[in-house]
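**Student:** model this:
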Amino acid sequence: MKKKWLFFLSLFVFIGLSVVYVIDRTAAEKSRKYYEEAGYIIWDIQTEKKVVALTFDDGPHAKHTEQVLDLLDQYDAKGTFFIVGQQAEKYPQIVRRMYETGHEIANHTYSHPYSKAVPKVMKEIEQTNEILYSITGFRPKLFRPVEGYYTEELVTEVAREGYKLVMWSWHLDTEDWKDPGVNQIIDTVLTGVEQGDVVLFHDGGGNRKQTVQALEKILPELKKQGYRFVTISEMLKLQQVRK
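**Tutor:** Numbering: from 1, shown residues only. Sure thing, here's the model as predicted:
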């Protein structure tokens, strides 16, 4: 009896592990290439044009977002702002300024939760979109998950609701939220940027003084190098099929 029980237990464990392996392998097979070709996610693009997308998360911030906008306007640069709904409620005038001056507004959830619960995330996306619509009359279709975390389930739901998930060029995460130093932020961008890249900055979520100071150097230098600063939507129109 004991041997029979051990046999069935071993069989159950084996089947269970096999199922887990298949699930994990299936998830692993959904590579970046798969998501890009399906049109679900963008990290950056292939293009012969000298363009770069500057993206900003976690705002708007009462002070620093205004400073970022001033700099972008000064250098005829357009940015894409992934907005937190709670912050938009606090500073609707800044969101309105973004929209009216040609920058792109996008969705970064309502409360910035690091949550794996897809229904909660989807609810926050919709909540933020309603807020942004009430301010600008526009409902964004671009979404960036908190900390760049996504699952197959989230990608599926986001796509089903008509959104596009936006990441960034992995080598151009400035990590400015860590306050690494102005020079470090500058070096990350200027030594790594290539045409079609997407840069990750933060204009909210804390003191973004270093980000502002870094942009004062980054913007004129990239413009001098011949780069044009475009929104994510503009970049998508230039996208070439990866080989």
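**Student:** Going by C-alpha atoms from here, please, whenever you check contacts or count neighbours.
**Tutor:** Will do.
**Student:** Next, count neighbours for K30.
**Tutor:** By the measure other C-alpha atoms under 10 Å, the count of residues near K30 is 11.
**Student:** contacting residues around stretch 222-241?
**Tutor:** For stretch 222-241, contacts defined as C-alpha atoms under 8 Å, 6 or more residues apart in numbering pick out 37, 45-47, 50-54, 75-80, 103-104, 190, 195-196.
**Student:** What segments of the protein are helices?
**Tutor:** Taking DSSP state H as the criterion, the chain carries its helices at 2-29, 32-38, 64-74, 85-90, 92-100, 118-136, 152-160, 182-192, 209-224, 232-238.
**Student:** Just give the closest residue to Q195, not the sequence neighbours.
**Tutor:** Closest residue to Q195 apart from its sequence neighbours, by C-alpha to C-alpha, 6 or more residues apart in numbering: K50 at 4.8 Å.
**Student:** got it, and A62?
**Tutor:** Distances taken as C-alpha to C-alpha, 6+ apart place Y91 nearest to A62, at 6.8 Å, with adjacent residues excluded.
**Student:** quick one, what contacts the nearest residue to Q213 once chain neighbours are set aside?
**Tutor:** Spatial nearest neighbour of Q213, excluding adjacent residues (C-alpha to C-alpha, 6+ apart): V182 at 6.5 Å. Under the criterion of C-alpha under 8 Å, 6+ apart, the neighbours of V182 are 210-211, 213-214.
**Student:** next one: phi and psi at the residue nearest to Q195?
**Tutor:** Dihedral pair for K50: phi -90, psi 80, per degrees, to the nearest 10.
**Student:** if I look at it, how far off is M235?
**Tutor:** Computed with C-alpha to C-alpha, to the nearest Å, the distance linking K50 and M235 is 11 Å.
**Student:** The two: which is more packed in?
**Tutor:** Per other C-alpha under 10 Å, whichever of K50 and M235 has more neighbours is M235, with 21 against 15.
**Student:** any idea how far F138 is from the more buried one?
**Tutor:** 19 Å.
**Student:** With adjacent residues omitted, what lies nearest to P113?
**Tutor:** V146 (6.8 Å).
**Student:** picking that back up, the residue nearest to Q195 contacts D197, correct?
**Tutor:** No: using C-alpha atoms under 8 Å, K50 is not in contact with D197; the gap is 9.5 Å.
**Student:** what residues are shared contacts of those two?
**Tutor:** By C-alpha under 8 Å, 6+ apart, no residue touches both K50 and D197.
**Student:** my read: the residue nearest to P113 touches H112, true?
**Tutor:** Yes: with contact defined as C-alpha under 8 Å, V146 reaches H112; the gap is 6.2 Å.
**Student:** show me what contacts the residue nearest to A62?
**Tutor:** Going by C-alpha under 8 Å, 6+ apart, the list of residues near Y91 reads 60-62.
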